[in-house]
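**Q** Structure for this input, please:
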Amino acid sequence: MRQTMFSSEVELGKFLGSIGIIPEAYQAILETDLTYELHTTRSGISVLAFKCSSDYNNRFLKGEFNLVPSDGLQVVDFIRTKVNSSFSINQAAVELFQQLGDDLKELENKHKNSSLIITGSGLGGYLAILSTLRLHHAIDVEESNGSRNTKRPICITFGCPLVGDVALQRAIAERPQWKSSFLNVVVSKDPVATFFSSNTPYKPFGTFLFCVESGGHTAFEDPDSILPVLDAMKLLNVGNLQSYDYTNVLNSIRRKVLYRGSSELDESNVSSLRAGIMLQLKEVDVLSDITNDEIGKMEKKQADMIKKKNLVSAYDPTKKLNEMKISLTYMEWYMKTTKSKGGYYDSYKNPKSKEEQERQNEIVKHRVRLNLYWKKTVEDKDRMPQKEGAKLRKRWLFGGTNYRRIVEPLDIAEYYKKGNINYIENRPDHYKLLEKWSDEDRRNGRNTSEEKRNKAASLTEDSCFWAHVEEAFISLRELVNGGSANSEQKLEEFEAYMMRAINNYLLSPDVFVEGSSLMKWWDEYKAHKGYGYASEFAEYMTNESYRSYQ
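**A** Numbering: from 1, shown residues only. Have a look, this model is predicted:
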């Protein structure tokens, strides 16, 4: 595989700098008055924010807290594994977490089945990390007992110092779903964030988004690359004991377009991978502080990682599925944020403001990524000589069903936006197979959660619902323009389809939000039919019974 000009971490840094949830998480911290509080952002996302007293931060900067062994520390027992049964963790993290009691644990457990951001700044980041790890452990237990409705938390910390040793790092790395959920935002002038570096036993985990006050930012995932950057930034903070406010730098990041530096960096004698690493370091003003030997080590490590990923990608499907779950979580957040703006489908199809366009651009990346993964997965599984109805293991089938119900409506939006018709006749094969396998699974009695509903579905079950709406629009306009009886029949069939879905609670309530394509169609249909038109569906809509559909 040919290397691109930039390492993947450059692209990751660009993406992380563009998403709005990071400043929203920090705003939640600023609005927190107690040790921890649960907030709901403007976009409807739940954020559990932690704060630590300035006294603890001051004591930390004076070097009062050291690593302590986990042996006998019941409060962090959930981190242990058979391979890494003992580790060391900063004493401040243990002390602070012990003080929180069972109320926090109860709050965490309430979010095992719902999206949650957990955040904290400075030593509050220690609390956010341990809370996230404990919730991951609780979710592992739920999933081992057969639960399929769990949602993994995402932990975003600001200026959090390294928390533990290499054994802790390895214990977390053993669980890919744990490791992939951590993001630590670090500004170069933050003395707390850069307090521990390579000359200590502390080791990083997760992704680090390094920033400078001008808005320059870059991301590193490799622990051996993170440490030299922390070393270089630590030099800037000698004697600095002031806590850092991330508000301004987060605003700068949002405005900043990643500077690639191609006109100022002599690339003639370096590999493309090395050039990418050097540009990452230049972006956060530490290139001159890191030796060529260190850059060489980073280059070798990233080259090894690229080779390893290429070799094991076909043999590590679970990890890839977990990565796709993260993209699906972003899609779910997008759904929440668009409920008040005509709904998920219409906000994506016709963004009205610059902000909506930016959100759509972000979500397109996840849509494309998910489509590539599931098309290949379904294609591979369909080639396997497996028993009918067992094409995908239950976990993959559940993930594929969620993917289909969340992403296919956006593909439908793209399809009709281009002026196409008859989506269902031209529907991609991987969607057909995912639906077929899901139906087989239900008929075989392994999936009863979708039967005998008595409340509205959280996701509309028919992932082609919006295609039916679009075709109803086309039939209506044909009828208005003197179309045939066939158009009339299609509209009657659509009415019947709608009532079946309503009576069986197969629709998500957001299809009825003001401004949605369905409601626009109904307004035009009602006007064409006239006041005296009577049908079961017309009565349902005219009486606004949909307002109590939930």
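**Q** now the helices: where do they sit in the stretch 151-300 of the chain?
**A** Along the stretch 151-300 of the chain, the segments classed as helices by DSSP state H, counting those that start in this stretch run 166-173, 176-179, 223-234, 247-255, 272-283, 292-312.
**Q** which residues touch the fourth one?
**A** The reference is to helix 247-255. For helix 247-255, contacts defined as CB atoms under 8 Å, 6 or more residues apart in numbering pick out 17-18, 22-23, 26, 30, 185, 187, 211-215, 217. C-beta: built from backbone N, CA, C; applies to glycine.
**Q** Provide the secondary structure category for the closest residue to T337 other than its chain neighbours.
**A** Closest residue in space to T337, ignoring its immediate chain neighbours: S43 at 3.8 Å, by CB to CB, 6 or more residues apart in numbering. Taking DSSP: H, G, I helix; E, B strand; the rest coil as the rule, one finds S43 in the coil state.
**Q** State the distance from S43 to E356.
**A** In this view, S43 and E356 are 12 Å apart by CB to CB, to the nearest Å.
**Q** and if you look at G343?
**A** In this structure, G343 lies at 12 Å from E356, with CB to CB as the measure.
**Q** Looking at those two, which is more packed in?
**A** Comparing G343 with E356 by neighbour count (other CB atoms under 10 Å), the higher total belongs to G343, at 26 against 17.
**Q** That one touches S516, doesn't it?
**A** Yes - using CB atoms under 8 Å, G343 is in contact with S516, at 4.4 Å.
**Q** Just the C-alpha atoms of stretch 496-505, please, in CSV.
**A** This file holds the C-alpha atoms of stretch 496-505, laid out as CSV (Å, rounded to 0.1, in the frame of the first residue of the first chain):
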residue,chain,number,x,y,z
ALA,A,496,-52.1,1.6,4.4
TYR,A,497,-48.3,1.2,4.8
MET,A,498,-48.3,4.2,7.2
MET,A,499,-51.2,2.8,9.3
ARG,A,500,-49.6,-0.6,9.7
ALA,A,501,-46.4,1.0,10.9
ILE,A,502,-48.2,3.3,13.3
ASN,A,503,-50.4,0.5,14.7
ASN,A,504,-47.4,-1.7,15.2
TYR,A,505,-45.2,1.0,16.7
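**Q** How far off centre is whichever strand or helix holds D382?
**A** For D382, the host element (DSSP states H and E) is helix 354-383. For helix 354-383, the distance from its own C-alpha centre to the chain's C-alpha centre is 13 Å (CA atoms, centre = their mean, to the nearest Å).
**Q** what do you get for stretch 341-348?
**A** Between the mean C-alpha point of stretch 341-348 and the mean C-alpha point of its chain there is a distance of 19 Å (CA atoms, centre = their mean).
**Q** what mean pLDDT would you report for it?
**A** Confidence over stretch 341-348 (mean pLDDT, whole number) is 88.
**Q** do you know which of the helices of the stretch 151-300 of the chain lies nearest T337?
**A** Smallest distance to T337 across those (CB to CB): 16.6 Å, for helix 247-255.
**Q** how much distance is there from that closest one to the middle of the chain?
**A** Centroid displacement of helix 247-255 relative to its chain, using CA atoms, centre = their mean, is 21 Å.
**Q** now do stretch 176-185
**A** Here the centre of stretch 176-185 is set off from its chain's centre by 11 Å, with CA atoms, centre = their mean.
**Q** Now do the buried residues in that stretch.
**A** For stretch 176-185, the neighbour count (16 or more other CB atoms under 10 Å) marks 176-185 as buried.
**Q** what's the first-to-last distance across that stretch?
**A** With CA to CA, to the nearest Å as the measure, the ends of stretch 176-185 fall 20 Å from one another.
**Q** List the contacts of that stretch.
**A** Contacting residues not belonging to stretch 176-185 are listed as 16, 22, 26, 125, 129, 132-133, 136, 152-160, 172-173, 193, 204-209, 211, 246, 250, 318-319, 322-323, 325-326 [CB under 8 Å, 6+ apart].
**Q** I'd like to know which of these are buried.
**A** Buried residues within the contacts of stretch 176-185, counting neighbours by 16+ other CB under 10 Å: 16, 22, 26, 125, 129, 132-133, 136, 152-160, 172-173, 193, 204-209, 211, 246, 250, 319, 322, 325.
**Q** The residues you listed in strands, which ones?
**A** 154-158, 207-209, 211 (DSSP state E).
**Q** burial count for the closest residue to S70 other than its chain neighbours?
**A** Distances taken as CB to CB, 6+ apart put F87 closest to S70, at 5.0 Å, once the chain neighbours are dropped. Residues near F87, counting by other CB under 10 Å, number 23.
**Q** Now do F87, the pLDDT please.
**A** You'll see F87 listed with a pLDDT of 97.
**Q** can you check V480 too?
**A** With respect to pLDDT, V480 has a value of 89.
**Q** show me what contacts it?
**A** With the criterion set at CB under 8 Å, 6+ apart, V480 makes contact with 524, 528.
**Q** Make residue 1 into 709 and carry on from there
**A** In the new count, where the first residue is 709, that last one comes out as V1188.
**Q** May I have whichever helix or strand E1179 is part of as PDB, with CA atoms only?
**A** In the assignment (DSSP H and E), E1179 maps to helix 1173-1188. Taking Å, rounded to 0.1, in the frame of the first residue of the first chain, the C-alpha atoms of helix 1173-1188 are listed here in PDB:
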ATOM      1  CA  PHE A1173     -39.200   4.400   5.200                       C
ATOM      2  CA  TRP A1174     -38.000   7.600   3.700                       C
ATOM      3  CA  ALA A1175     -37.800   6.100   0.200                       C
ATOM      4  CA  HIS A1176     -41.500   5.300   0.600                       C
ATOM      5  CA  VAL A1177     -42.200   8.900   1.600                       C
ATOM      6  CA  GLU A1178     -40.200  10.200  -1.400                       C
ATOM      7  CA  GLU A1179     -42.100   7.900  -3.800                       C
ATOM      8  CA  ALA A1180     -45.400   9.100  -2.200                       C
ATOM      9  CA  PHE A1181     -44.300  12.700  -3.000                       C
ATOM     10  CA  ILE A1182     -43.600  11.700  -6.600                       C
ATOM     11  CA  SER A1183     -47.000   9.900  -7.000                       C
ATOM     12  CA  LEU A1184     -48.800  12.900  -5.500                       C
ATOM     13  CA  ARG A1185     -47.200  15.300  -7.900                       C
ATOM     14  CA  GLU A1186     -48.000  13.000 -10.800                       C
ATOM     15  CA  LEU A1187     -51.600  12.900  -9.600                       C
ATOM     16  CA  VAL A1188     -51.800  16.700  -9.200                       C
END
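**Q** how distant is the following helix or strand past it from the center of its chain?
**A** Going down the chain from helix 1173-1188, the next helix or strand is helix 1193-1211, by DSSP H and E. Averaged C-alpha coordinates place helix 1193-1211 at 37 Å from its chain's average position (CA atoms, centre = their mean).
**Q** Looking only at helix 1193-1211, what residues are buried by neighbour count?
**A** For helix 1193-1211, a neighbour-count test (16+ other CB under 10 Å) marks 1195, 1198-1199, 1202-1203, 1205-1206, 1209-1210 as buried.
**Q** Which other helices and strands does it contact?
**A** When contacts are defined as 3 or more CB pairs under 8 Å, 6 or more residues apart in numbering; DSSP states H and E, helix 1193-1211 sits against helix 1173-1188, helix 1244-1250.
**Q** what angle do it and helix 1173-1188 make?
**A** Comparing the axes of helix 1193-1211 and helix 1173-1188 via axes from the mean of the first three to the mean of the last three CA atoms, to 10 degrees yields an angle of 150 degrees.
**Q** which other residues reach helix 1193-1211?
**A** By CB under 8 Å, 6+ apart, the surrounding residues in contact with helix 1193-1211 are 1168-1170, 1173, 1176, 1179-1180, 1183-1184, 1186-1187, 1214-1215, 1233, 1243-1246, 1248, 1254, 1257.
**Q** After that helix, which helix or strand is next?
**A** Once the chain leaves helix 1193-1211, the following helix or strand, as judged by DSSP H and E, is helix 1225-1237.
**Q** list the buried ones in that following helix?
**A** By neighbour count on 16+ other CB under 10 Å, the buried set for helix 1225-1237 is 1225-1227, 1229-1230, 1233.
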